[in-house]
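Asks: need a structure here:
(one chain, ligands or ions: 1)
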Amino acid sequence: MEHLSPHMLLDLWERGATWPATQRALLLLSTAFPEEPPDALARCTIGQRNRLLLALREKLFGPHFAGVATCPQCGERLEVNFEASDIRAPTPGDPAEPRALEVAGYTVQFRLPNSTDLAAIQGCSDVATAQQVLLERCLLSVQHEGHTLSATALPAEVVSALATAMEEADPLANIQLALNCPACGHQWSAVLDLLAYIWSELDAWARRVLREVHCLATAYGWSEHDILNMRPWRRQLYMGMIGQ
Ligand SMILES: [Zn+2]
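Replies: Modelled structure (predicted):
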């Protein structure tokens, strides 16, 4: 993985600020893994993409995650703490290989969704349309009683089984946190949006560093380039000396 300097991180943050989520993820990964061709990164399954994002997050901000959640039962706010190793699940088999599913007399061949699929459904007006587009893109073939069918002809039971099979085949695509409310004992699972989490950390980091640049440049006349080249603890010392 490439070492990302403060200059590179700020550039990344500035470029990605107005980009849609999927393109942001690919921007992060193509900067961190320049040896990987961009189209290969885009064709990684979402679980593989999240595994790379997790590795990048550990390198940038460490392995510990902390957040807050609200109990849907009683409204209690609870702190959520976990490690990267708690959510890093293995992906069974080769994620790029086509998969097969047999359910209710239907034989379905499919591949796992990747970033090009997520980019394709970003503009969909509703969830049902997005699901249909995703299905049509990821279904390779459907056979039923000797006939070849289209994705639109699949009964709900088969679509549901297919969604489950996709989740099981690429567990890191949909990261669920098991939560337990200490106040009322309610147990539930919450989805972790890893990309949104990482981007909010990068955003907070960038705003803090730019504030340091502003304060030190104003106080000492140093350039942004020189201030960014300082180690963080040295910037912090100077910030203390100017009362910030
Ligand atoms: Zn509760």
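
Asks: mind listing the strands for the protein?
Replies: Under the criterion DSSP state E, the chain contains strands at 64-70, 77-83, 99-103, 106-110, 139-144, 147-148, 175-180, 187-192.

Asks: Single out the most deeply packed of those.
Replies: Sort those by mean neighbour count, taking mean count of other CB atoms under 10 Å, and strand 106-110 sits at the top with a mean of 18. From N, CA and C alone the C-beta is placed, and that goes for glycine too.

Asks: List the neighbouring strands of that one plus their orientation.
Replies: Using DSSP bridges, the strands paired with strand 106-110 are strand 99-103 (antiparallel), strand 139-144 (antiparallel).

Asks: Contacts for it next, please.
Replies: Strand 106-110 is contacted by residues 98-102, 138-144, 149, 154-155, 158, 162, 165-166 when judged by CB atoms under 8 Å, 6 or more residues apart in numbering.

Asks: Then stretch 163-181?
Replies: Surrounding stretch 163-181, the residues in contact under the criterion CB under 8 Å, 6+ apart are 45-48, 50-51, 54, 69, 71, 73-74, 76, 78, 80, 82, 87-93, 95, 99, 101, 110, 112-113, 138, 186-192, 194.

Asks: Surely residue 23 and residue 119 touch.
Replies: Yes. Counting by CB atoms under 8 Å, residue 23 does reach residue 119; the two are 6.9 Å apart.

Asks: so what's the most centrally placed residue in the chain closest to, chain neighbours aside?
Replies: Central residue check for the chain by CA atoms, centre = their mean: the C-alpha nearest the mean position is that of residue 195, 3.1 Å away. Counting by CB to CB, 6 or more residues apart in numbering, residue 195 lies nearest to residue 25, which is 5.0 Å off, once chain neighbours are set aside.

Asks: Verify the stated contact: that neighbour with residue 53.
Replies: Yes. Counting by CB under 8 Å, a contact exists between residue 25 and residue 53, whose distance comes to 6.5 Å.
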